[in-house]
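In: quick one: sequence and predicted model below, then my questions.
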Amino acid sequence: MVILTKGRETGVSGLADPIWDRSEALVATQGDDRLTETVYTGPLDTRQRTGCALRPRRVSPFRPPPSLALPVSAVPHAVTFNVTKDDRIGRIRDIEREDDEVVHGLAAHPRGTRIYSPRAGSDDDASVVDLQLAGKVALVTGGSRGLGRATIERLLAEGMRVAFCARDADGVRAAVRQLSTLGDARGDSVDVGDHAALTRWASERIEEFGGIDVLVPNASALGGIPDDADGWRRTFEIDVLPAVLLVDVALPSLRERNGCVVQLGTITAIEHHYYPGGGKSYGAMKAALVNWIAQLAKAEAPNGVRANAVSPGPIYIEGGSWDRIEQRRPEYFAANLARQPSGRFGTAAEVANVIAFLASPLASWLTGQNIVVDGGFTLRIGY
């Protein structure tokens, strides 16, 4: 659901100087093949609409208007969009206006949900809220794609310098080429299962940058691992031990700079989430990391270091786990999608937003927490 407001040119075909933002929905009805959404617009100050904004772009579907910090005048108007059902998992589709004018490249979600994620490397990349991360340094593992890649993009958008590693050398090189257009991004091919190589990489990058402010252990063996002793051993060596070793290397610098650790987890650590044919080690090892983060937070609080975990629910990423599940196990995919109260899966950008906030000084009083980012997927009550 969007409203049309006046602003500077954003390159949307057929519209004069548009900025798209969202208003409250008054009507949302679903037909046989399409979801029809009608909204009514009124004056808004986009500074008060963080998280609801969308900038139509060619590069990514999850972008805000170019100048969120500037007040804009809404044009009173009623607009009806026809959005295909497939858009509920966050894919790019065309959105048609009533007059058949097509606006290409928008990211459509049911009920008009829009994801805020500023673009780095341009004059319009300022956040509505300054996270005070500019110039700081982050290390991210598993950063060439998926949640790690989205996290790097988000941190670069805040002006951070980022070093990352991943196993696939070609993937790392491609990611460096693309991420370097957004800011200072440096990548290396490192297998986190090679613990000596991992700690050597971290030490060298920390020395190269002159310190570190944020550590994001993200690499994972994931949940499709065999349910046997080898599977348990591999999950421990990929998910748990690398995080512990990285913190050991980074702690001296984190203490000096009042830094923080943001550990990637999963809802499987807090609630049973069955995957056919998958091993049980994934949730158990991620649960161990949540416990370790809580202990680390209390131990390091006197030294000015914070530690938190972020546990996503099902996140749909092109080429990622849920994309593969959709192709290979469509019934399981559909059952999980039906469980989402909002009718869609999450996006990598939505998780990255939370990581960026936890990494920032604005989260100075948040430590030892496991933040669940699942759109209400889990059944537990989060007391």
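Out: Perfect, I can see it now.

In: quick one: end-to-end distance for stretch 208-216.
Out: Using CA to CA, to the nearest Å, the end-to-end distance of stretch 208-216 comes to 18 Å.

In: quick one: mean pLDDT over that stretch.
Out: For stretch 208-216, mean pLDDT is 98.

In: other residues contacting that stretch?
Out: 133, 136-141, 148, 151, 155, 160-161, 163, 205-206, 246-247, 250, 253-254, 256-257, 259-264, 355, 359 (CB atoms under 8 Å, 6 or more residues apart in numbering). Backbone N, C-alpha and C define where each C-beta goes, glycine included.

In: now the helices: where do they sit in the stretch 251-383 of the chain?
Out: 281-300, 321-328, 330-339, 348-359 (DSSP state H, counting those that start in this stretch).

In: please identify the buried residues of stretch 176-196?
Out: 176, 179, 182-183, 185-190, 192 (16 or more other CB atoms under 10 Å).

In: do stretch 346-366 as well
Out: For stretch 346-366, by 16+ other CB under 10 Å, it's 346-360, 363, 366.

In: contacts for it?
Out: So stretch 346-366 is contacted by 60, 62, 90, 115-117, 129, 131-133, 138, 146-147, 149-151, 153-155, 158, 213-214, 216, 260, 262, 306, 308, 310, 312-317, 371, 373-375 (CB under 8 Å, 6+ apart).

In: any chance you could map the strands in the stretch 201-350 of the chain?
Out: 214-216, 260-264, 306-312 (DSSP state E, counting those that start in this stretch).

In: so what's the residue count around Pro330?
Out: For Pro330, the tally of surrounding residues (other CB atoms under 10 Å) stands at 10.

In: mind pulling up the pLDDT for it?
Out: 95.

In: count residues in the vicinity of Ala250, would you?
Out: What Ala250 shows, counting by other CB under 10 Å, is a neighbour count of 25.

In: Arg167 too?
Out: Arg167: 15 neighbours (other CB under 10 Å).

In: for Ala197, same thing?
Out: Ala197: 15 neighbours (other CB under 10 Å).

In: in a helix, it, correct?
Out: Yes. Ala197 forms part of a helix when assessed by DSSP: H, G, I helix; E, B strand; the rest coil.

In: now do it against Lys280, distance only.
Out: 29 Å (CB to CB, to the nearest Å).

In: again with Gly343
Out: Taken as CB to CB, the span from Gly343 to Lys280 is 29 Å.

In: ok, His273 next?
Out: For His273 relative to Lys280 (CB to CB), the value is 11 Å.

In: what does Pro330 give?
Out: Counting by CB to CB - Pro330 and Lys280 are separated by 24 Å.

In: who does Val140 form a beta bridge with?
Out: Phe164, Val216 (DSSP bridges).

In: so for stretch 289-296, mean pLDDT?
Out: 98.

In: Ala294 against Gly368, yeah?
Out: Yes. With contacts counted by CB atoms under 8 Å, Ala294 reaches Gly368, the gap being 4.8 Å.

In: hey, what's in contact with both of the two?
Out: Ala307.

In: give me the domain ranges for the protein.
Out: Taking automatic domain parsing as the reference, the chain has its domains at 3-112, 137-373.

In: if I average pLDDT within each of those, which one is lowest?
Out: domain 3-112 (a mean of 32).

In: what residues are up against the spatially closest residue to Gly376 that is not a sequence neighbour?
Out: Nearest non-adjacent residue to Gly376, counting by CB to CB, 6 or more residues apart in numbering: Pro341, 4.3 Å away. By CB under 8 Å, 6+ apart, Pro341 lies in contact with 375-377.

In: filter these down to the buried ones and hand me the ChimeraX line.
Out: Selecting only the buried entries of these in ChimeraX, with 16+ other CB under 10 Å as the criterion:
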select :375,377
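
In: what's the closest of the contacts of Pro341 to Thr235?
Out: When those are compared for distance to Thr235 (CB to CB), Phe377 wins out at 22.1 Å.

In: and the closest one, how far from Phe345?
Out: For Phe377, the distance to Phe345 - CB to CB - is 9 Å.

In: okay, and the common contacts of these two?
Out: Contacts common to Phe377 and Phe345, judged by CB under 8 Å, 6+ apart, are 313-314, 336.

In: dump these to TSV, plus neighbour count.
Out: Listed next are the shared contacts of Phe377 and Phe345 as TSV, based on neighbours: other CB atoms under 10 Å:
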residue	neighbour count
Gly313	22
Pro314	22
Asn336	20
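
In: which of those sits closest to Val290?
Out: Nearest to Val290 among the shared contacts of Phe377 and Phe345, with distances taken as CB to CB, is Gly313, at 14.8 Å.

In: verify the stated contact: the closest one with Val373.
Out: Yes. Assessed by CB under 8 Å, Gly313 is found in contact with Val373 at 6.9 Å.
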